[in-house]
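[1] Show me the folded form of this:
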Amino acid sequence: MADDTIRLRRLADTDWDEVVALEARAYAESGLSEGREVLRSRGRVSPTTCFVLEHDGQFGGYLLALPYPPGQCPDLTSAEASDHKSANLHAHDFVITEALRARGLSPHFVRQIEQEARSQGFDRISMVAVQRSHVLWRRLGYAAHAEVGLPESYGTEAVYMSKAL
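    Sure, this is the predicted structure:
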């Protein structure tokens, strides 16, 4: 797939309906959906690190990311209340639309996110891999950290992962 059809841009207020709908489709069945207000709280804390993936000019997915201390992550049941000062960017929620999944876009989107994170002064990206996505993240260079305890809201199969930039 041609790279020029993919664009990373900052999340805008007009994107929230699509973000909330896609997040619900991705996570509601597994009990991991956070809902509009909790999602928006993540975006309010760090608007410069929340992005939309556009493919051929259409909404193709999103990333809600925010600075978070290494080894820590947001609880899915609580709104974000503070802006952490950290050189670690926590990729909290990364979802690609159903129509674009399994088309090889994830690695390109992740490279763009990593480049943007470096340009903003972050030296590490972390995440909690859910729904067996740790396999993809491992292929993209992220390492699992079994020693990191996670909030119960992530369930028992979640894996904390990170990568130095």
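[2] And the nearest residue to residue 24 once chain neighbours are set aside, what's its pLDDT?
    Excluding the flanking residues, the one nearest residue 24 by C-beta to C-beta, 6 or more residues apart in numbering is residue 33, at 5.2 Å. No exception for glycine: its C-beta is placed from N, CA and C like everyone else's. You'll see residue 33 listed with a pLDDT of 94.
[3] count of residues packed around residue 33?
    Neighbour count of residue 33, defined by other C-beta atoms under 10 Å: 16.
[4] Likewise for residue 138?
    When neighbours are counted by other C-beta under 10 Å, residue 138 registers 14.
[5] Would you mark the buried spots in the helix or strand hosting it?
    Assigned by DSSP states H and E, residue 138 belongs to helix 134-139. Residues of helix 134-139 classed as buried by neighbour count (16 or more other C-beta atoms under 10 Å): 134, 137.
[6] List the contacts of it.
    Helix 134-139 has contacts (C-beta atoms under 8 Å, 6 or more residues apart in numbering) with 106, 127, 129, 144, 159, 161.
[7] per-residue confidence averaged over that helix?
    Averaging pLDDT along helix 134-139 yields 91.
[8] gap between the nearest residue in space to residue 5 that is not next to it in sequence and residue 100?
    Closest residue in space to residue 5, ignoring its immediate chain neighbours: residue 56 at 5.1 Å, by C-beta to C-beta, 6+ apart. The gap separating residue 56 from residue 100 is 10 Å, by C-beta to C-beta, to the nearest Å.
[9] Between the two, point out the one with more neighbours.
    residue 100 (20 against 11).
[10] Verify the stated contact: the more buried one with residue 59.
    No: between residue 100 and residue 59 there is no contact, the gap being 9.8 Å when judged by C-beta atoms under 8 Å.
[11] how about the nearest residue to residue 77 once chain neighbours are set aside, what does it touch?
    Of all residues not flanking residue 77 in the chain, residue 153 sits nearest, at 4.9 Å (C-beta to C-beta, 6+ apart). Counting by C-beta under 8 Å, 6+ apart, residue 153 touches 32, 75-77.
[12] Kindly report the same for residue 59.
    With C-beta under 8 Å, 6+ apart, residue 59 has these contacts: 15, 18, 52-53, 97.
[13] ok, now with 7 Å
    Neighbour list for residue 59: 15, 18, 52, 97 [criterion: C-beta atoms under 7 Å, 6 or more residues apart in numbering].
[14] a markdown table for those residues, including neighbour count and distance to residue 86?
    A markdown table is the format used below for the contacts of residue 59 (neighbours: other C-beta atoms under 10 Å; distance: C-beta to C-beta, whole Å):
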| residue | neighbour count | distance to residue 86 |
| --- | --- | --- |
| 15 | 18 | 25 |
| 18 | 16 | 28 |
| 52 | 19 | 23 |
| 97 | 19 | 30 |
